[in-house]
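Enquirer: 3D model of this:
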Amino acid sequence: MARAAVLRAVGDTELELRDDVSTVEPGPDQVRISIRATGVCHSDLSTMTGVLPATQPTVLGHEGAGVVAAV
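Expert: Prediction:
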């Protein structure tokens with residue numbers, strides 16, 4: 001299982017922290033990263049306010065650092 005900060009709806013001021021998120025195997029030209037640190041950036045805040053459109057619910061925190069876990 002993986003951990004995720006989930007935005008349930010545009011306008012929410014708090015994220016739902018989930019410990020039960022599943023990942024899928026990487027496809028062609030993809031890698032899986034074992035994230036060690038991540039943050040919520042300006043793009044994530046813009047998604048929360050609706051400035052950047054995204055399908056809800058969505059996982060925030062796309063800027064991260066980690067190690068390659070699978071290719």
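Enquirer: Doesn't residue 44 belong to a helix?
Expert: Yes: assessed by DSSP: H, G, I helix; E, B strand; the rest coil, residue 44 belongs to a helix.
Enquirer: residues touching it, list them.
Expert: Applying C-beta atoms under 8 Å, 6 or more residues apart in numbering, we find residue 44 in contact with 60, 61, 62. From N, CA and C alone the C-beta is placed, and that goes for glycine too.
Enquirer: Burial check on the first one, number of neighbours?
Expert: Put plainly, it is residue 60. The number of residues packed near residue 60 is 21, by other C-beta atoms under 10 Å.
Enquirer: quick one: it from residue 28, how far?
Expert: Distance from residue 60 to residue 28, counting by C-beta to C-beta, to the nearest Å: 26 Å.
Enquirer: Got phi/psi on residue 6?
Expert: phi -110, psi 130 (degrees, to the nearest 10).
Enquirer: Compute the distance between it and residue 28, please.
Expert: Distance of residue 6 to residue 28, given as C-beta to C-beta: 27 Å.
Enquirer: So for those two, which sits in the more crowded spot?
Expert: Using other C-beta under 10 Å as the criterion, residue 6 and residue 28 rank with residue 6 on top: 16 against 4.
Enquirer: bridging residues for the more buried one?
Expert: When bridges are called by DSSP bridges, residue 6 pairs up with residue 16, residue 59.
Enquirer: and it, what does it touch?
Expert: By C-beta under 8 Å, 6+ apart, the residues touching residue 6 are 15, 16, 17, 18, 21, 57, 58, 59, 60.
Enquirer: Buried subset of those residues, written for ChimeraX?
Expert: Filtering the contacts of residue 6 down to the buried ones (16 or more other C-beta atoms under 10 Å) takes a single ChimeraX command:
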select :15,58,59,60
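Enquirer: so which two of the contacts of residue 6 are the farthest from each other?
Expert: By the measure C-beta to C-beta, 17 and 58 form the most distant pair in these, at 14.1 Å.
Enquirer: Right, I'll leave it there.
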